[in-house]
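Participant: Got a predicted model here, sequence first, then my questions.
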Amino acid sequence: MRRFISQENGPSLYAFTKVRHIVGLDMSLTGTAVCAIPENWKHDLKKVRMFQVGMKLKADATAWEKANRIAQIAHDVTVFCVNCNAKAFSCEDYAYGAKSSSVHQIVELGGVVKNHILETFNKAVIAFPSMSCRKTLLQHVPKMGKGQLKPWVIRNIRRLKGPTRDWTEDQCDAFCVVNHFLMKRGGVALTYEGE
């Protein structure tokens, strides 16, 4: 079983870069993804920074293990955001209608992460619907059968080549979120037609 580093003994909270980043989050208990794009990125995907953290627990995990997982993810996300000198934060809105036994835990995770960011940066995390984020990047989102849309989005993001080929599905979602946030803030967002 993975052992968590306690927050007191975890990585130090020092910014390693002077470049300011805009951050997008895709919450997941097994793979929360964070995508940080520098303010003046000029669509250079090599400047995009990715981070992913999470872990699977056994079905009989204790309440302590579940709570500790959420606390550790929130801590690690916050440390990454400090290290990349984050200045604004966005996330994918929760899928409240999803029929999953872990939906309430994802909402809890989101609350803890948002609280960590609020306390550390004095900034609120702005949530956007995933469909809006995907439309900003790919210009349209076709109607597809259940389970077909996300693979289509991932396939189109990986068409960009370069580092996108190695991004996980969660990291691709985080990229969609932060790209949409850039557009909403009047920044330079990436858009191209999905095929």
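Facilitator: Arrived safely.
Participant: all contacts plus neighbour counts: C-alpha atoms, from now on.
Facilitator: Will do.
Participant: From the chain's centroid, how far away is whichever strand or helix holds residue 77?
Facilitator: Counting by DSSP states H and E, the element that carries residue 77 is helix 63-83. Mean-position distance between helix 63-83 and its chain equals 13 Å (Cα atoms, centre = their mean, to the nearest Å).
Participant: Then stretch 82-97?
Facilitator: Distance of stretch 82-97 from its chain centroid, counting by Cα atoms, centre = their mean, is 6 Å.
Participant: Tell me the secondary structure at the residue nearest the centre of the chain.
Facilitator: Against the mean C-alpha coordinate of the chain, by Cα atoms, centre = their mean, the closest residue is residue 25 at 2.2 Å. Recorded secondary structure, residue 25: strand (DSSP: H, G, I helix; E, B strand; the rest coil).
Participant: Sort out which residues of stretch 32-51 are buried, please.
Facilitator: Neighbour-count burial for stretch 32-51, counted by 16 or more other Cα atoms under 10 Å, picks out 32, 33, 34, 35, 36, 37, 38, 48, 49, 50, 51.
Participant: The fourth one - that's part of a strand, no?
Facilitator: Spelled out, it's residue 35. Yes - counting by three-state DSSP, residue 35 falls inside a strand.
Participant: Next one: the residue in the chain sticking out farthest from the centre from residue 109, what distance?
Facilitator: Relative to the centre of the chain, and counting by Cα atoms, centre = their mean, the farthest-placed residue is residue 60 at 27.2 Å. With distances taken as Cα to Cα, to the nearest Å, residue 60 is found 19 Å from residue 109.
Participant: what's the answer for residue 19, then?
Facilitator: Shown here: residue 19 relative to residue 109, a distance of 28 Å by Cα to Cα.
Participant: So for the two, which residue has more residues nearby?
Facilitator: The residue with more neighbours, out of residue 19 and residue 109, is residue 109; 22 against 14, by other Cα atoms under 10 Å.
Participant: residues touching that one, list them.
Facilitator: Under the criterion of Cα atoms under 8 Å, 6 or more residues apart in numbering, the contact partners of residue 109 comprise 27, 28, 29, 70, 71, 73, 74.
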